[in-house]
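# Here is my input, please return the structure:
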Amino acid sequence: MICLLPSKITDKHLYPLYPLFPLTQLSNPLPEKKYEPSLQKSKYMQLTTKHWQKTPILATLTIIATIGFQAYAHQNPINQKSQSDYQYPFELSTSRNLIGSLSKEIAFYQQRIQQRPEDGLDRVALARVYLKMARTSGDSKWYTLAEELSQESLAKLPFENHGALLVLATVAEARHDFAETIRLSEKSLQTKPNNQDALAMLVTANLAKGKVKTARVFANRLVEKIPTLNSFTLRALVNIAQGKDKAAIEDFKSAIASEEPGEIATSAKVRTLLGRFYLSRGKYSLAEQLFTEALRILPQYPFALLNLAELEVERKNFQEAEKYYTQVLDVGGNNKSNTFDHQALMGIARVKKIQDNISGAEEYWNKAEKSFQEHSHEHHHEHSHNHKQDFGHRRDLAKLLLLRGNFQDLPKALSLMQSEVKIRRDAETLDTLAQILYRLQRPQEAKKLYQEILETGIKDAQIFNRAGIIETELGNPEQAKIYFQTALEVNPNI
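I've put the predicted structure just below:
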C-alpha cells in the first residue's frame with residue numbers, strides 16, 4: 001500500500017461517523033472513516049501527477065515510512081492475543097433477556113412502593129433499575145422516570161440519601177449537564193469519600209468536558225480504592241484519551257480478570273469497548289472476536305451489533321453491515337425513539353450512499369432525522385413542566401447533517417455544535433465542530449480545534465488525517481506529512 005499526501009481536499013475526505021469510546025450510556029457511534037467507493041486506500045492521500053513530479057523525495061520517504069509502519073504493525077504484540085484471552089469465564093444461563101429481567105425487577109419494586117408508599121429507599125432502588133433500562137434500551141424516557149422517583153425519594157428522605165443524589169447525577173450526565181453531575185458527585189463524596197458511583201461519574205464527566213488530567217486523578221483513585229471491572233475499564237478509557245495504548249490494554253486485561261458472575265451487561269460492554277479500540281488500530285480479527293464474544297454473553301446487544309456493522313463497513317462487506325444495522329432496529333421493535341435506532345438508521349443510510357444508492361440513502365437520512373426530531377418533541381411535550389428534557393442529541397444530529405453532505409445543512413449543524421461545545425470539549429465534539437468549520441471554508445478555526453485535541457495526546461488516525469488535510473489546505477506540507485505519517489502509524493489500514 002502506498003499512501004501519499006493529498007494535493008486537493010474535497011468533501012470526500014471528511015465523513016464523520018462514530019466516536020471511539022462512549023462513556024456512560026455507551027450508545028454513541030464509532031470511529032470516523034471515509035467511505036466513498038472512489039476513495040480507495042491507494043488514492044486516499046494521492047498526489048496529483050504534477051505534485052508527484054515536484055516531490056520525488058517526499059514520495060520516496062512516504063513509501064519508506066509506510067513499509068516501516070506495516071512491519072511495525074506485523075510485529076506489534078497487540079496482534080498476539082487469542083480469543084481465549086477474552087472468553088467469559090463463567091457459565092451463562094440459556095435465557096439472557098436483559099430487558100425482560102429488568103422489567104420483572106421494575107414490577108417487583110413498583111409493588112413494594114405500593115405496599116410502603118412512604119419509603120424513600122425503595123424509590124431509589126427502582127430509579128436505579130430505570131437507569132439500567134435506559135442504558136440497555138437506549139430510550140431516554142427511563143432517565144426521566146428515574147429522576148422523578150429520586151426527587152420523590154429526597155422529599156421523603158432528605159438527609160444522607162446518597163442513592164438519590166447519584167441517580168440525579170447520572171440523569172444530569174445523560175443530559176450533558178456535566179457541571180451538575182460533578183456537583184452532585186462531589187457532594188456525595190463529602191460523606192462517602194470512596195463511593196464507586198460518584199468517582200466513576202467524576203471520571204466520565206471530566207472526560208466529556210475535555211479535562212483528561214482531572215479524569216485521570218479520579219480514575220486512579222477509583223482503581224486504587226475499588227479495583228473492579230468497571231474501575232479498570234474507566235481508567236482504560238482515560239489512557240486511550242491520552243494516547244497511552246499499552247496502559248489501556250493492560251487496564252482492559254485487568255478489567256476482564258476482575259469480572260464476577262452476574263455482570264453480563266458490563267462484561268459485554270468491556271469486550272465491545274476493547275474491540276472498538278482494536279478496530280481503531282486496524283486489528284479487524286481481534287475486534288471481531290471481541291464483538292462476537294460480547295454477543296455470546298449478551299445476545300442482541302445493540303452496542304456490539306453496531307460495532308460489528310462498522311467492522312463490516314471497514315471490510316467493505318456492505319450487505320453484512322446492513323444486516324447488523326437491521327438487527328439493531330429489530331431489537332428496538334416499535335420504539336424508534338432510542339439512541340441505538342438513530343445510529344442504525346444513519347448506518348444504513350451511509351452504506352447505501354457508499355453503494356451509490358442515493359435515493360435509498362436519502363430515505364434513511366430522512367428517517368434518522370425524523371427520529372431525532374420526534375424524540376426531542378416527545379420529551380419537550382410529555383414533560384413540559386421540566387425545561388431540562390434535552391438528552392443530548394445535538395452532536396448526533398449535527399453529525400447526521402454533516403454526513404449527509406448537503407451544504408445547506410451546514411449552518412444548522414454549526415449552530416448545534418456551537419451550543420454543544422459550550423458544555424463538552426472532548427475530542428469527538430471538537431472534531432465534529434472542526435469538520436463543519438472546514439466545510440464552511442474556515443480552516444484556520446478548524447486548525448485551532450485540532451491543536452487543542454492533539455494536546456491531550458490522543459492517538460486517533462482519523463483526527464491526524466483531518467489535521468493533515470487542513471495543514472495542506474493552509475499551505476503547510478511538512479506539518480501535513482507528519483500528521484499523515486502518524487495516522488499510518490496508529491492504523492496502517494487507514
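# in what helix or strand does residue 305 lie?
Using DSSP states H and E, residue 305 sits within helix 302-314.
# got the angle between the very next helix or strand once past that helix and helix 302-314?
Next in sequence after helix 302-314, counting helices and strands by DSSP H and E, comes helix 318-332. Orientation check (axes from the mean of the first three to the mean of the last three C-alpha atoms, to 10 degrees): helix 318-332 against helix 302-314 gives 170 degrees.
# next one: helix 318-332 to chain centre, how far?
18 Å (C-alpha atoms, centre = their mean, to the nearest Å).
# Report all helices and strands that it contacts.
helix 302-314, helix 339-354 (3 or more C-beta pairs under 8 Å, 6 or more residues apart in numbering; DSSP states H and E). For the C-beta atoms, the positions are set from N, CA and C on the backbone; glycine is no exception.
# Kindly format the C-alpha coordinates of the shortest one as CSV.
What follows is helix 302-314, C-alpha atoms only, in CSV (Å, rounded to 0.1, in the frame of the first residue of the first chain):
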residue,chain,number,x,y,z
PRO,A,302,-27.1,-3.3,20.3
PHE,A,303,-23.7,-1.7,21.1
ALA,A,304,-21.9,-4.8,19.9
LEU,A,305,-24.2,-5.1,16.8
LEU,A,306,-23.4,-1.5,15.8
ASN,A,307,-19.7,-2.2,16.1
LEU,A,308,-19.9,-5.4,14.1
ALA,A,309,-21.7,-3.4,11.4
GLU,A,310,-18.9,-0.8,11.4
LEU,A,311,-16.3,-3.6,11.1
GLU,A,312,-18.1,-5.0,8.1
VAL,A,313,-18.1,-1.5,6.5
GLU,A,314,-14.3,-1.4,7.1
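# picking that back up, with mean neighbour count, mean pLDDT and distance to residue 183 added, can I get the helices and strands packed on helix 318-332 in CSV?
Compiled in CSV, the helices and strands packed on helix 318-332 are given as follows (neighbours: other C-beta atoms under 10 Å; pLDDT from 0 to 100; distance: least, C-beta to C-beta, whole Å):
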stretch, mean neighbour count, mean pLDDT, distance to residue 183
helix 302-314, 26, 97, 29
helix 339-354, 25, 92, 25
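# Quick check: next helix or strand after the helix or strand encompassing residue 213?
Per DSSP H and E: residue 213 is located in helix 212-225. Moving toward the C-terminus from helix 212-225, the next helix or strand (DSSP H and E) is helix 229-241.
# And the contacts of the helix holding residue 213?
194, 196, 199-200, 202-204, 206-207, 231-232, 234-235, 238, 241-242, 251, 456-457 (C-beta atoms under 8 Å, 6 or more residues apart in numbering).
# buried stuff in it?
Applying a neighbour-count criterion of 16 or more other C-beta atoms under 10 Å, one finds 212, 214-216, 218-219, 221-223 buried in helix 212-225.
# swap in stretch 159-174?
161-174.
# Which member of these is positioned nearest residue 426?
Using C-beta to C-beta, residue 173 comes nearest to residue 426 of the buried residues of stretch 159-174, at 12.9 Å.
# hang on, the earlier thing: measure how far the helix holding residue 213 is from the centre of its chain, please.
So, by C-alpha atoms, centre = their mean, the centroid of helix 212-225 is 20 Å from its chain's centroid.
# Using CSV, lay out the buried residues of stretch 159-174 together with pLDDT and secondary structure.
Shown next, in CSV, are these (pLDDT from 0 to 100; DSSP: H, G, I helix; E, B strand; the rest coil):
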residue, pLDDT, secondary structure
161, 90, coil
162, 89, helix
163, 92, helix
164, 94, helix
165, 94, helix
166, 95, helix
167, 96, helix
168, 96, helix
169, 96, helix
170, 95, helix
171, 95, helix
172, 94, helix
173, 94, helix
174, 91, helix
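# Could you single out the nearest of those residues to residue 292?
For the buried residues of stretch 159-174, the nearest to residue 292 is residue 174 (29.0 Å; C-beta to C-beta).
# for the record, mean pLDDT for the helix holding residue 213?
In this model, helix 212-225 has a mean pLDDT of 97.
# So what angle separates the directions of that helix and helix 229-241?
150 degrees.
# Endpoints of stretch 171-184, how far apart?
11 Å (C-alpha to C-alpha, to the nearest Å).
# and it, which residues are buried?
171-178, 180-182, 184.
# What subset of the contacts of helix 212-225 is buried?
Buried, going by 16+ other C-beta under 10 Å: 199-200, 202-204, 206-207, 231-232, 234-235, 238, 241-242, 251, 456, out of these.
# Nearest to residue 403 among the buried residues of stretch 171-184?
residue 176 (20.8 Å).
# so the closest one, which of the three states?
coil (DSSP: H, G, I helix; E, B strand; the rest coil).
# Against residue 111, how distant is it?
34 Å (C-beta to C-beta, to the nearest Å).
# before we move on, what about residue 122?
10 Å.
# Check residue 238 too.
41 Å.
# can you list the weak-confidence ranges in the stretch 351-494 of the chain?
375-392 (pLDDT under 70).
# that older thread, any idea which of the buried residues of stretch 171-184 is the one closest to residue 320?
The closest of these, once distances to residue 320 are taken by C-beta to C-beta, is residue 174, at 31.8 Å.
# Give me the pLDDT value at the residue nearest to that closest one when sequence neighbours are not counted.
Leaving out its chain neighbours, the residue that sits closest to residue 174 by C-beta to C-beta, 6 or more residues apart in numbering is residue 143, at 4.9 Å. On pLDDT, residue 143 comes in at 94.
# Tell me the backbone dihedrals of residue 143, please.
phi -60, psi -40 (degrees, to the nearest 10).
# so who does it touch?
Residue 143 neighbours (C-beta under 8 Å, 6+ apart): 130-131, 134, 170-171, 174-175, 391.
# What of residue 417?
Counted by C-beta under 8 Å, 6+ apart, residue 417 has contacts 394-395, 398, 429, 432-433, 436.
# farthest-separated two in those?
394 and 436, at 12.2 Å, using C-beta to C-beta across these.
# more neighbours, the two?
residue 436 (28 against 22; other C-beta atoms under 10 Å).
# shouldn't the more buried one be in contact with residue 413?
Yes. The criterion here is C-beta atoms under 8 Å, and residue 436 meets it with residue 413 at 5.1 Å.
# Overlap in contacts, the two.
Common neighbours of residue 436 and residue 413 (C-beta under 8 Å, 6+ apart) are 398, 402.
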